[in-house]
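> I'd like to go over a predicted model; first the sequence, then the structure.
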Amino acid sequence: MDSWPVGLSTGCFIQRGILDCLEEIRGAGFSRIEVCSFPRHLDYHDRDACERTAARLRELAITPESFHAPFAETIDITALDPGERQAALAELLRAAEAAAILEARHFVIHPGPEKSGLPHDERLGRMENAVGVLDRVAARCRELGISLLLENMLPHLFSGAVRDLLWLLGAMAATDVGICLDTGHAFLSGDLLDVVHKLSGHLRMVHASDNRRQFDDHLPPGEGDIPWPHLWGQLDASGFRGTVILEIAGRGSPEEILAGAQRSRAFLQHLAAGQAAGKAASARA
């Protein structure tokens, strides 16, 4: 349990170019990252920019654990219009190729559009549309040597419940697709207390952030209301052995952001170590 690596999403520096913040991230002790795909941060359409970033990651001995696919209202893999779906697919395939250039291990995708209020009678058709696109993305990821992970969404969005992710996984032809658990999303959806049991066997990575049950605040873990001891105990019992990526907001100066990330890493590692020690003591008793 205490061996779970803790990395940092570069999304906390979304307003800066990625090459301007990597050295600071490494200096704060983070050797694993998730790369944010926001164009101002890293233009994944620019192969040269991706290659320069990959070279800098190697120089700094930083492992790109994952690459977060772009997401926006206009990137709609569920769209009823075939042209819109094809455009969304093309954008995701371009991003997957950037992830491969960076030598990322995982490609994390929001399996639905960033918009709410979709008509209920369109739901099944949209789910089936998503499956068709996701199978295409999964096949390309396989060719590129990276794994596709689906992330649980906020409750008001498509795939905002764990049952939706499980439906998508069951309907897809691909069998090598996993799940990235977003703790903040699951807490707001009311799924957190049993989410690990439901997703057992599919979890490959965790996006760790905290909130106070009202907004997706992306607080550093330990600074909100999420019951981390309970969640960490469930993850341990499930056999989870993936990476935990801190996905915190970029509030304050770079020094303040990284200090918050370091506090959260220490908090989670201390929690894991304490639970591991408790298990060892129980085994000796």
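That came through fine. Quantities reported herein were computed from a predicted structural model and do not represent experimental measurements.
> Please count neighbours and contacts with C-alpha atoms only from this point.
OK.
> any weak-confidence spans in the stretch 1-150 of the chain?
Scanning the stretch 1-150 of the chain for pLDDT under 70 picks out 1-3, 117.
> change it to 50
Counting by pLDDT under 50, the stretch 1-150 of the chain contains low-confidence ranges at 1-2.
> ok, and what's touching stretch 12-28?
Stretch 12-28 has contacts (C-alpha atoms under 8 Å, 6 or more residues apart in numbering) with 10, 31, 36, 38, 40-42, 53, 56-57, 60, 62, 247-251, 254, 257-258, 262.
> Check which residues of it are buried.
Judged by neighbour count using 16 or more other C-alpha atoms under 10 Å, the buried positions of stretch 12-28 are 12-14, 17-19, 21-23, 25-26.
> Which one of those residues is nearest to Thr74?
Ile14 (19.6 Å; C-alpha to C-alpha).
> Just put the buried residues of stretch 12-28 in JSON lines and tack on secondary structure and distance to Gly112.
Output for those, formatted as JSON lines (DSSP: H, G, I helix; E, B strand; the rest coil; distance: C-alpha to C-alpha, whole Å):
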{"residue": "Cys12", "secondary structure": "helix", "distance to Gly112": "23"}
{"residue": "Phe13", "secondary structure": "helix", "distance to Gly112": "24"}
{"residue": "Ile14", "secondary structure": "coil", "distance to Gly112": "22"}
{"residue": "Gly17", "secondary structure": "coil", "distance to Gly112": "27"}
{"residue": "Ile18", "secondary structure": "helix", "distance to Gly112": "26"}
{"residue": "Leu19", "secondary structure": "helix", "distance to Gly112": "30"}
{"residue": "Cys21", "secondary structure": "coil", "distance to Gly112": "30"}
{"residue": "Leu22", "secondary structure": "helix", "distance to Gly112": "30"}
{"residue": "Glu23", "secondary structure": "helix", "distance to Gly112": "33"}
{"residue": "Ile25", "secondary structure": "helix", "distance to Gly112": "30"}
{"residue": "Arg26", "secondary structure": "helix", "distance to Gly112": "33"}
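> If you drop the residues flanking it in sequence, what lies closest to Gly160?
Met153 (4.3 Å; C-alpha to C-alpha, 6 or more residues apart in numbering).
> dump the residue contacts of the one you found.
So Met153 contacts 110-111, 159-161, 182, 185-186 (C-alpha under 8 Å, 6+ apart).
> now do Leu93
So Leu93 contacts 137, 140 (C-alpha under 8 Å, 6+ apart).
> how far does stretch 121-131 sit from the chain's center?
In this view, stretch 121-131 has its centroid 23 Å away from the chain centroid, taken as C-alpha atoms, centre = their mean, to the nearest Å.
> To clarify, my last question referred to stretch 125-139.
19 Å.
> buried sites along it?
Buried residues in stretch 125-139 (16+ other C-alpha under 10 Å): 126-139.
> Okay, and which of these map to helices?
If you go by DSSP state H, the buried residues of stretch 125-139 have 126-139 in helices.
> of the residues you listed, closest to Leu168?
Looking across those and measuring by C-alpha to C-alpha, the closest to Leu168 is Val131, at 6.3 Å.
> That closest one reaches Trp167, doesn't it?
No: with contact defined as C-alpha atoms under 8 Å, Val131 does not count as touching Trp167 (9.5 Å).
> picking up where we left off before, in the buried residues of stretch 12-28, find the pair that's most separated.
Ile14 and Arg26 (16.6 Å).
> which helix in this protein runs the most residues?
The chain, longest helix under DSSP H: helix 254-284.
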